[in-house]
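> Quick one, what's the 3D model for this:
(4 chains)
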2 protein chains.
Amino acid sequence: MANIKDVAKKANVSVATVSRVINNKGYVNHHTRSLVEAAIKELNYVPNEVARSLFRKSSKTIGIVLYDLKNEFFNEMISQMEALIFKHGYQTTICTIGDDTEREKTYLRMFKTNKIAGLIICADISPSGINELPDIPLVSLERLVKDSNPSIDCDNVMGGELAAKKLAASHCKHILQFTGPLNLACSEERSVGFLNVLADFPDVFVHSLELDFNTFTEAEISDFIVKYPEVDGVFAASDRIAAVALKCLKKAGKRIPEDVKVIGFDNISIAQMTDPTLTTISQPIHAMSELATNTLFKLINKEEIDQLHQIIPVELIEREST
Amino acid sequence: MANIKDVAKKANVSVATVSRVINNKGYVNHHTRSLVEAAIKELNYVPNEVARSLFRKSSKTIGIVLYDLKNEFFNEMISQMEALIFKHGYQTTICTIGDDTEREKTYLRMFKTNKIAGLIICADISPSGINELPDIPLVSLERLVKDSNPSIDCDNVMGGELAAKKLAASHCKHILQFTGPLNLACSEERSVGFLNVLADFPDVFVHSLELDFNTFTEAEISDFIVKYPEVDGVFAASDRIAAVALKCLKKAGKRIPEDVKVIGFDNISIAQMTDPTLTTISQPIHAMSELATNTLFKLINKEEIDQLHQIIPVELIEREST
DNA sequence: CTGCAATGTGTGATCGGTTACAGATGCAAA
DNA sequence: TTTGCATCTGTAACCGATCACACATTGCAG
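You can find the predicted model right below:
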């Protein structure tokens, strides 16, 4: 592959001049410029980004840190962000950390030594991981990392409230709530919003079961459901949980929505494939991804950020299950 | 951040010696080594990968090219591959190209200038894109790119055959087949295998509808289904299509599996969330991802590859829908 | 005691760019 | 005529590593 020296030689100029042409920076005589451009074309020259990154001390890549890639919700997010990152002329590198702090540490080190330009974090970083965070622009999405970094979250409390209002308005009296892990802010907030609203309805009973978003089983859900045969309303912290609950309820002989109303959370595609389709709280994935990406690039370009912590409203999408 | 010179200065040695220590290469006196190691620890030094990449003319990153990120099947693949790539000490960068050849071209150029070490392609590359492919180790997964590159595919023909045998054994006579785009080898092969087997059953009728994996609609499917009220078997080229077909059949008053047997393809998580759960052809995602990644690293390390084009057998997973 | 191999270390070129600085030219204003 | 500024271009340092090569020193066989 041709390099800048080859181009300079072919065009009979110095490498500095070639550099000026390709970066459109500084003075270059019109005629010289066309000579250089001809040489570039002829040699099919493209500048070596690695060399540029070395000098710049920053490579044009953005890292996205995730718990895993198995959640459609996060996939949708990456998809949006990758498109925007590309538009800015950057590469996207992904990294899943799961619960492996060793891996988390290694990945964060890798990002550091690879001089990535920015980081979007949609995962819980361990305390030791926080110390390893590279000193580069960083925004957190759906999971607050550090108070000093910009964050984008959906209004989880509002989501819980909307679900509660809906079930209350449908005269549900015996409600089962399937929460996510309550040590996660998002799960906790959904539950708080939900319970707060229902506290105003003294004749409504709520029973909650805490589940792991990824490893919950059908048995856990169905065992819980059989304990409460009088159930007439369900709120689940994710559509996946809701879909499984729906199935268990049907197996238990319940008709949806006549006997039991079901509300999920996320509005992923599964919500439209269940039978009946699932009423759910929709997180504005597109808006959130865009905000996260744009905020990151503002940081990178040292532009002013109007609001450090942003909370995006959610929406209740009504379908057949209520 | 400290660099190799700082370490050299602190340890009172030359940069070459430091380099020898961190790369464990060449002769280094035991005592000198510990001096250097102490300096490294004290300065919290980590080598700059960008500088290394520049010299090596290759960065430790692997690119994965996809059509998009909205398919759970491919997400599962990326997930597996990312884990393996990480184990090899490499980064993973992802790139979705959709049908945008301009974007495809830009991304491939980016990979070239960023000196990525290898490429895994799970998407259809346009003819012009083929010319832009960087001259680096490359394997194609689920989509043959060039005959000269290693490829890994599942046995789509076998998948079609298994489905056909199952439906035939269940005495289905009026079968609807929903294929993927027939210009894609994978869709075509599934259909060929399916029809080949059924050709031996003169009393079986098959009607086929070609769908796009991503943009198919419920209306398309339901319109097709109402045309054939005598339907008693369905084979879909993906679980998503099968899930929607299942729903349409139920709406049309069919009982599954009593009236109609349904078989999908992929064995993604949706297949277990439908009601009834979906019988499907399982692609060994794990084995395929592992093979693809390992083959790529064999290429990178210039090891021998035993078989250029590999075809992995599939398996029929029987659930409630048959 | 010599010679050669193994061990240990440093110098400087190199990877492929960017850019500070210096030097040259031309032209307008003083 | 001199000064000053804008335009244009090249030289060389620099980004942070690797490694070929040169040059010691040491140990051991002959």
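
> Could you count how many residues lie near whichever residue of the stretch 151-300 of chain A sits closest to DNA strand C?
For the stretch 151-300 of chain A and DNA strand C, the shortest gap (Cβ to the nearest atom of the strand) falls at A:Ile300, measuring 15.4 Å. To be clear about C-beta, it is placed using only N, CA and C from the backbone, and glycine gets the same treatment. Using other Cβ atoms under 10 Å in any protein chain shown, A:Ile300 has 17 other residues around it.

> Can you read off the backbone torsions of it?
Here is the backbone geometry of A:Ile300 (degrees, to the nearest 10): phi -60, psi -40.

> do you know how far it is from B:Pro313?
48 Å (Cβ to Cβ, to the nearest Å).

> How about the closest residue to A:Ser191 other than its chain neighbours: which residues does it bridge to?
Leaving aside its sequence neighbours, A:Ser191 sits nearest to A:Thr179 (Cβ to Cβ, 6 or more residues apart in numbering or on different chains; 4.7 Å). Beta-bridge pairing for A:Thr179 (DSSP bridges): A:Glu210.

> just to revisit the earlier point, surely the residue of the stretch 151-300 of chain A closest to DNA strand C meets A:Ile116?
No - assessed by Cβ atoms under 8 Å, A:Ile300 is found out of contact with A:Ile116, at 10.6 Å.

> What number of residues are in the vicinity of A:Ala242?
A:Ala242 has 27 nearby residues by other Cβ under 10 Å.

> For DNA strand D, what is the nearest residue in the stretch 201-322 of chain A?
Closest point on the stretch 201-322 of chain A to DNA strand D, by Cβ to the nearest atom of the strand, is A:Ile300, at 18.6 Å.

> Name the residues of chain A found near DNA strand C, please.
With Cβ under 7 Å from any atom of the strand as the criterion, chain A comes near DNA strand C at residues A:1, A:3-5, A:15-16, A:19-20, A:22-23, A:25, A:45, A:47-48, A:51-52, A:54-56.

> In the stretch 1-150 of chain A, what residue spans correspond to helices?
A:4-11, A:15-23, A:30-43, A:49-56, A:72-87, A:101-113, A:127-132 (DSSP state H, counting those that start in this stretch).

> Could you tell me which residues of the stretch 101-250 of chain A lie near chain B?
Proximity of the stretch 101-250 of chain A to chain B is confined to A:103, A:106-107, A:109-110, A:112-115, A:240, A:243-244, A:246-247, A:250 under the rule Cβ under 8 Å from any Cβ of the partner chain.

> Among these, name the buried ones.
Neighbour counting with 16 or more other Cβ atoms under 10 Å in any protein chain shown marks A:103, A:106-107, A:110, A:112-115, A:240, A:243-244, A:246-247, A:250 as buried within those.

> follow-up on the earlier one: would you quantify the distance from the residue of the stretch 151-300 of chain A closest to DNA strand C to B:Ile285?
Relative to B:Ile285, A:Ile300 is positioned 36 Å away (Cβ to Cβ).

> if we can go back for a sec, list the contacts for the residue of the stretch 201-322 of chain A closest to DNA strand D?
A:Ile300 makes contacts with A:117-118, A:137, as judged by Cβ atoms under 8 Å, 6 or more residues apart in numbering or on different chains.

> Likewise for A:Leu133?
Taking Cβ under 8 Å, 6+ apart, one finds A:108, A:119, A:125, A:145-146 in contact with A:Leu133.

> Looking at those, which gets the smallest pLDDT?
Among these, A:Val145 carries the lowest pLDDT, at 79.

> In contact with it: list those residues for me.
The contact partners of A:Val145, taken as Cβ under 8 Å, 6+ apart, are A:121, A:125, A:130, A:133, A:138, A:151.

> any idea which of those residues is closest to A:Asn183?
A:Ile125 (13.8 Å; Cβ to Cβ).

> Phi, psi for the residue nearest to the closest one when sequence neighbours are not counted please.
Among residues not flanking A:Ile125 along the chain, A:Val145 sits closest, at 5.6 Å (Cβ to Cβ, 6+ apart). When read as degrees, to the nearest 10, the backbone of A:Val145 gives phi -100, psi -60.

> can you check the one 3 residues further on too?
With angles defined as degrees, to the nearest 10, A:Ser148 sits at phi -80, psi -10.

> Next, count neighbours for it.
For A:Ser148, using other Cβ under 10 Å, the count is 7.

> any idea how far it lies from DNA strand C?
Using Cβ to the nearest atom of the strand, to the nearest Å, A:Ser148 is found at 29 Å from DNA strand C.

> coming back round to it: so which of the helices of the stretch 1-150 of chain A is the most packed in?
helix A:72-87 (a mean of 21; mean count of other Cβ atoms under 10 Å in any protein chain shown).

> what is the mean pLDDT for that helix?
On average, helix A:72-87 scores 94.

> For that helix, which outside residues touch it?
Contacts to helix A:72-87, defined as Cβ under 8 Å, 6+ apart, come from residues A:62, A:64, A:66-67, A:69, A:91-92, A:94, A:120, A:122, A:141, A:238, A:266, A:268-270, A:283, A:285-286, A:288-290, A:292-294, B:68-70, B:72, B:75, B:94-96, B:103, B:106-107.

> Stretch A:50-66 now?
So stretch A:50-66 is contacted by A:49, A:74, A:78, A:81-82, A:85, A:89-97, A:107, A:111, A:114-123, A:125, A:136, A:296, B:48, B:50-51, B:53-54, B:59, B:93, B:113-115 (Cβ under 8 Å, 6+ apart).

> That one close to DNA strand D?
Yes - Stretch A:50-66 reaches DNA strand D (Cβ under 7 Å from any atom of the strand) through A:51, A:54-55, A:57.

> Wait, a strand at A:Arg319?
No - counting by DSSP: H, G, I helix; E, B strand; the rest coil, A:Arg319 is not part of a strand but coil.

> What is the neighbour count of it?
For A:Arg319, using other Cβ under 10 Å, the count is 18.

> rewinding a little: of the contacts of helix A:72-87, just the buried ones, PyMOL syntax please.
Only the buried entries of those go into this PyMOL selection, using 16+ other Cβ under 10 Å:
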select buried, (chain A and resi 62+64+66+67+69+91+92+94+120+122+141+238+266+268+270+283+285+288+289+290+292+293+294) or (chain B and resi 68+69+70+72+75+94+95+96+103+106+107)
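
> so what pLDDT did A:Ala168 get?
95.

> Quickly note the distance from A:Ile311 to DNA strand C.
For A:Ile311, the distance to DNA strand C (Cβ to the nearest atom of the strand) stands at 38 Å.

> for whichever strand or helix holds that residue, which positions count as buried?
Take DSSP states H and E as the rule and A:Ile311 turns out to sit in strand A:309-312. Neighbour counts using 16+ other Cβ under 10 Å place A:Gln310 of strand A:309-312 among the buried residues.

> That one: partners in the sheet, and parallel or antiparallel?
With DSSP bridges as the test, strand A:309-312 is paired with strand A:151-154 (parallel).

> sorry, back to before: quick one, which of the helices of the stretch 1-150 of chain A is nearest to B:Pro257?
Closest to B:Pro257 of the helices of the stretch 1-150 of chain A is helix A:72-87 (Cβ to Cβ; 27.1 Å).

> show me the contacts for A:His174.
A:204-205, A:207, A:228, A:230-233.

> at 7 Å instead, please
Shown in contact with A:His174 (Cβ atoms under 7 Å, 6 or more residues apart in numbering or on different chains): A:205, A:228, A:230-233.

> Name the member of the residues you listed with the most neighbours.
Highest neighbour count within the contacts of A:His174, by other Cβ under 10 Å: A:Gly233, with 26 neighbours.

> Quick check: bridge partners of that one?
Beta-bridge partners, per DSSP bridges, of A:Gly233: A:Ile175, A:Lys261.
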